[in-house]
Each structure stands twice: as structure tokens, then as C-alpha cells.
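> can't give you the sequence, but here's the structure:
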């Protein structure tokens, strides 16, 4: 059974930082591309970052570019989202997702991902 468990969310002031973690189990983690998504109330889910199976290729959405960084540790079956200079508009439920890496690249869009975590809440106060 595949499980993705996010952690590290919380309440932070604008300008602050958080590191989200997503621990994966039940899958051959190094064979999967990973992504981070977020969904704010009343808004569509959006992908904020993606990483290929090895960690050699990454993607950050324009809305978080230069502030958020995705990384992974295949030895620990964990993917991270490092979030700096947080803004109130970053407030959302953050999800990690996994997809088998048939191609060596980053996967874009929630339709590309097979497995999802339950999410961790990030709230940024002004």
C-alpha cells in the first residue's frame, strides 16, 4: 500500500520560512517523480514544484520561483519543499504527489500523478 505523509506545515508570519516533508512508503521511491501542489479555499489545486526521480531536474511555478525549492533524499524516501519569504497568498493546504517516472523528467499537472498525500496546512499571517 502506497502512503505519502506530509509534515512541517503550520502558522508562520509573512517573510518567514517553512520546510515541508513528504515521507513515502510502499513504493520504489527512486523510480518516482514527485510533485508539490497546493489548494487554497475556493481555488483550484495548483502545482508549485516538481522533481524528477534523481533530483537532477526541478520545476518551480512562477508564483513561487526564487522562494520555494524542491529537493529529495532517495535514501530516506522523502521529498522536501523549502519555502522562504512566505506571503499571505501562500496560505493553502499543501499536498505531495508521486508518479512512476517512465520518462526522465519533471511531470506537470495533477492529472500526471497517481498517488497523493492527505496534505499539510500552511497559514501565513500578515
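Received the coordinates, thanks. Since the structure is predicted, the reported quantities are computational estimates derived from the model, not experimental observations.
> okay, now residue 122: neighbour count?
Here the number of neighbours of residue 122 (other Cβ atoms under 10 Å) works out to 22. Where you see a C-beta, it was placed from the backbone N, CA and C, and this is true even at glycine.
> likewise residue 74?
Count around residue 74 with other Cβ under 10 Å applied: 16.
> which residues does the closest residue to it other than its chain neighbours contact?
Excluding the flanking residues, the one nearest residue 74 by Cβ to Cβ, 6 or more residues apart in numbering is residue 30, at 4.3 Å. Residues near residue 30 by Cβ atoms under 8 Å, 6 or more residues apart in numbering: 53, 54, 74.
> distance to residue 18, secondary structure and pLDDT added to these, as a markdown table?
Converted to a markdown table, those look like this (distance: Cβ to Cβ, whole Å; DSSP: H, G, I helix; E, B strand; the rest coil; pLDDT from 0 to 100):
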| residue | distance to residue 18 | secondary structure | pLDDT |
| --- | --- | --- | --- |
| 53 | 25 | coil | 96 |
| 54 | 25 | coil | 95 |
| 74 | 22 | coil | 98 |
